[in-house]
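**Student:** Have a look at this fold, sequence not included:
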């Protein structure tokens, strides 16, 4: 941990030195929530979000806060270790073309509904709820990447193996659920004359209310959908590899971890709801994934179970420039040159792509150094080829 701010209702513990003003103000808002428990934890990749900073961890007693989960519910990472130890540039290019044919990118969806068996169990579907309304549309979205900072990456591991990594979320169904329940929370908070200022965008639902129970169920469905989404993409990507390495390709280890969700956990001998927004679970011995930016290393890590972070760690490198700011200030040729020099097959083509250039993100080495007390590095992964949403 780098510093502790003790001027608010509860402490704010930070694993970075250079938090931006907007993110710090949001952390202070969280620290004044009457139901916030023990302290606020801010991870080393933190930057300003909506209501709650990305890279924030909030534990609450008796309430759930939709905006402390975010709009891309269940967004996360999965990584597959393969038996391959190298891959030629020519094969890489062919494989990336094959992936683009099978995995819709950006706003694209499948033309046909996917097999209903690929969808999560209907156990958490609330009758007449948002998931039920979005279910058939979601069948065309499962197995699709989405846009923004979502990516598919082929990597060379320090363990001598080729890895496949995917970053994606719950697509439109997660957004619809998030917006729907946040509006409900806002309306109820106004009706209750809540002391939580509307301007903080941290409206809450007491866990014993029907609305909170419905949100918890629908949120969990979106977490499960996001995982199913990544699994289907990985299945399709593996099929491309198998076409190129007939009889010589096999899957070894698979890792999946989400970074936008809330769940019941026990910390400091108390049952609380831990909200992680752009943060991942790092229980003792738990294997996780911390990606860098396009053009930098990513990491397979093992959690240390640090109680002060509510057993959490960063979810990536974290932005240092906003999307529009990156487009205005970064040099396209210089950013392309960085990746070309490393021999990476990348997706940086035009000025509009600069929001996902390496220069838009924090230094991953600094981020990892700042959380040495949260995780141990198991495998370093160097990028070979990247597809961005």
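**Tutor:** Perfect, thanks for sending it. Computed from a predicted structure; not experimentally measured.
**Student:** Tally up the residues packed near residue 252, please.
**Tutor:** Neighbour count of residue 252, defined by other Cβ atoms under 10 Å: 12. From N, CA and C alone the C-beta is placed, and that goes for glycine too.
**Student:** partners of the strand or helix carrying residue 78, with directions?
**Tutor:** Residue 78 is located in strand 76-82, with elements delineated by DSSP states H and E. Paired neighbours of strand 76-82 in the sheet (DSSP bridges): strand 162-168 (antiparallel), strand 251-258 (antiparallel).
**Student:** For residue 244, give me its contacts.
**Tutor:** 91, 94, 95, 98 (Cβ atoms under 8 Å, 6 or more residues apart in numbering).
**Student:** whoops, I mixed them up, residue 160
**Tutor:** residue 85.
**Student:** Now do it against residue 104, distance only.
**Tutor:** 33 Å (Cβ to Cβ, to the nearest Å).
**Student:** ok so, going back, from the contacts of residue 244, which is closest to residue 59?
**Tutor:** Closest approach between these and residue 59, by Cβ to Cβ: residue 95, at 42.5 Å.
**Student:** My read is that the closest one contacts residue 241, right?
**Tutor:** Yes - between residue 95 and residue 241 there is a contact under Cβ atoms under 8 Å: 6.4 Å.
**Student:** so what sits against both of these two?
**Tutor:** Common neighbours of residue 95 and residue 241 (Cβ under 8 Å, 6+ apart) do not exist.
**Student:** Helix, strand or coil: sort out residue 190 for me.
**Tutor:** Following DSSP: H, G, I helix; E, B strand; the rest coil, the label given to residue 190 is helix.
**Student:** neighbouring contacts of the helix or strand of the chain at the bottom of the mean pLDDT ranking?
**Tutor:** Within the chain, confidence by mean pLDDT, DSSP states H and E is lowest for helix 332-341 among all helices and strands, at a mean of 86. Under the criterion Cβ under 8 Å, 6+ apart, residues 294, 295, 346, 348, 350, 351, 353, 354, 357, 358, 359 lie in contact with helix 332-341.
**Student:** Contact partners for the fourth one?
**Tutor:** With contact set as Cβ under 8 Å, 6+ apart, residue 348 has these partners: 294, 332, 335, 336, 339, 354, 356, 357.
**Student:** now the angle from the lengthiest helix in the chain to strand 76-82?
**Tutor:** The longest helix of the chain (DSSP state H) is helix 210-244. On the basis of axes from the mean of the first three to the mean of the last three Cα atoms, to 10 degrees, helix 210-244 is oriented at 30 degrees to strand 76-82.
**Student:** wait, isn't residue 364 in contact with residue 297?
**Tutor:** Yes - using Cβ under 8 Å, residue 364 is in contact with residue 297, at 6.1 Å.
**Student:** ok, residues contacting stretch 9-29?
**Tutor:** Residues outside stretch 9-29 that contact it (Cβ under 8 Å, 6+ apart) are 1-5, 8, 30-32, 36-49, 51-56, 197, 200, 202, 308-309, 314, 367, 370-371, 374.
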